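[1] Predicted coordinates and the sequence they were generated for:
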Amino acid sequence: MNVRNLASAAVLGFTLLLPALGVQAAQPSWQEASGVMDQVTREMLAVVEDESLKSPEKIDQMMAEVERVISPVVDFPYIAKRVMGKYYRQASDDEMARFSDVFKTTLLKTFAKAIVGFEFETYEIAQPLADSPDPDKQVVTVNVRAANGTVYGLVYYMLKQGDRWTLVNVTVDGVNLRLTFKNQFADLYQRYSSVGGVIDSWESQVAIKATGGEGESDEG
């Protein structure tokens, strides 16, 4: 499963989680985290159902709508730092900021493209088997079925930072999205031998895709 398919399943989970939020939660803080997803899901569902945004020439508008919905919840700098792994210690403040920005663009573009052509069928939300040992860290697991019969197992990792819940990772059918990007970063570091080189390459690939390049790469 490539990164676009992973993102497709993640967006699918966003849009299908809402009706399941009435299920009795195991922990009050789990309900809080689900409440955040409630708001995100309502807005994402409206974006997915807006047919006017699904034409290829509207990709920038789609990205803007996706950003409006998920940016208050997804902690892009947190995820980007962990995607860099041990190499973040070598990065300057400017490089950290650059990678956070380009990684955010990568996710927004991937999610926006994934929304196009989505068809939904059914879903099932799984209650946690036990309370989280840390109330400020919650996991929401959802199984979703696409119209073509494909079933995706989605796990959303939520972290409470201060007074707000943030999404910091997603796994799809056991594939860790953050780890997938982390491995790509490490592979690119082996090729370019510097954080700056990795970021330059990542930025160039995002720019190629923004101008209509169709080639898939390991650079996000």
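    Perfect, thanks for sending it.
[2] Report the contact partners of the nearest residue to residue 186 once chain neighbours are set aside.
    Nearest non-adjacent residue to residue 186, counting by Cβ to Cβ, 6 or more residues apart in numbering: residue 85, 6.2 Å away. (Each C-beta comes from the backbone N, C-alpha and C, glycine too.) The contact partners of residue 85, taken as Cβ atoms under 8 Å, 6 or more residues apart in numbering, are 182, 185, 186.
[3] Let me know the outermost residue of the chain.
    Centroid-distance maximum for the chain: residue 193 at 27.2 Å, with Cα atoms, centre = their mean.
[4] Tell me the pLDDT of it.
    With respect to pLDDT, residue 193 has a value of 96.
[5] can you check the one 4 residues further on too?
    Residue-level confidence at residue 197 comes out at 97, pLDDT.
[6] That one: neighbouring residues, count only.
    Residue neighbour count, defined by other Cβ atoms under 10 Å, stands at 13 for residue 197.
[7] Do a quick rundown of the helices in the chain.
    3-17, 28-48, 59-70, 76-84, 93-115, 177-192, 195-210 (DSSP state H).
[8] Of all the ones you listed, which one comes closest to residue 145?
    When the helices of the chain are compared by Cβ to Cβ, helix 3-17 sits nearest residue 145, at 8.9 Å.
[9] Residue 71: how many residues sit nearby?
    Residues lying near residue 71 (other Cβ under 10 Å) number 12.
[10] Then residue 37?
    The local packing count at residue 37 equals 23, with neighbours defined by other Cβ under 10 Å.
[11] most neighbours per residue, which of the helices of the chain?
    Relative to the other members of these, helix 3-17 carries the highest mean neighbour count by mean count of other Cβ atoms under 10 Å, namely a mean of 23.
[12] taking the mean pLDDT, what do you get for it?
    Taken as a whole, helix 3-17 carries a mean pLDDT of 60.
[13] Can you list phi and psi of the nearest residue to residue 28 once chain neighbours are set aside for me?
    Nearest in space to residue 28, with sequence neighbours left out and distances taken as Cβ to Cβ, 6+ apart, is residue 135 at 7.9 Å. Note on residue 135: its backbone torsions stand at phi -60, psi -20 [degrees, to the nearest 10].
[14] One more: residue 130?
    Note on residue 130: backbone dihedrals following degrees, to the nearest 10 are phi -150, psi 160.
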